[in-house]
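Chemist: This is a predicted model, with the sequence first.
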Amino acid sequence: MSQLSRTGVSLEDDLLQDFDRLIGKRGYKNRSEAIRDLIREALLTDTVDSNKPVVGTLTLVYDHHMPNLGEKLTAFQHTAGAMILATTHVHLDHHYCLEVVIMKGRSKELQGIADQMLALRGVELGKLVLANSGKGLKVAHTHPHPHTH
């Protein structure tokens, strides 16, 4: 971890009181950690907007009785090749399944894959969450069938 630096911030009293209420509800012990998280979130937004390498999870809830939906989801994942790191599948009830797809790649590529899967008929809910896994994250070169080499 790098060395800590101290800085001052000027805020209106109303804004600071609202911020203190918010960080209290979220369980922060002090303002510094809350501000660090806000800065990290802003930096992540910049990383995503710049189409830099990221990791992500795509969470889907879908009706497994929808014809060919499982096959279509699998086909999208195979097309994505090395960008898909792992998938977890859970049966929620008689009709619905939860699937979490763990991915690594450039933010716009991951968003494109997610958008295609979320648009499929029978996908009821879904959300892509992207994160910067750290400095120097390497992106694998994608190939439709990486295991054939």
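Modeler: All right, it came through fine. Just so it is clear, the model here is predicted, and its values are computed rather than measured.
Chemist: export the one helix or strand residue 74 maps to as CSV, just CAs?
Modeler: Following DSSP states H and E, one finds residue 74 within helix 69-80. Output of helix 69-80 as CSV, limited to C-alpha atoms (Å, rounded to 0.1, in the frame of the first residue of the first chain):
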residue,chain,number,x,y,z
LEU,A,69,-32.7,-20.2,-24.0
GLY,A,70,-30.0,-22.3,-22.2
GLU,A,71,-28.4,-23.1,-25.6
LYS,A,72,-28.4,-19.5,-26.7
LEU,A,73,-26.7,-18.4,-23.4
THR,A,74,-24.1,-21.1,-23.8
ALA,A,75,-23.5,-20.1,-27.4
PHE,A,76,-22.9,-16.5,-26.5
GLN,A,77,-20.4,-17.6,-23.8
HIS,A,78,-18.6,-19.9,-26.3
THR,A,79,-18.4,-17.0,-28.8
ALA,A,80,-16.8,-14.8,-26.1
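Chemist: from memory residue 61 sits against residue 97, does it?
Modeler: Yes - at 7.3 Å, residue 61 and residue 97 qualify as touching, with contact defined as CB atoms under 8 Å. Just so you know, the C-beta spots here come from the backbone N, C-alpha and C atoms, and that holds for glycine as well.
Chemist: between these two, which one's more packed in?
Modeler: The neighbour comparison of residue 61 against residue 97 (other CB atoms under 10 Å) goes to residue 97, with 18 against 15.
Chemist: how about the nearest residue to residue 91, chain neighbours excluded?
Modeler: Nearest residue to residue 91, sequence neighbours excluded (CB to CB, 6 or more residues apart in numbering): residue 97, at 5.7 Å.
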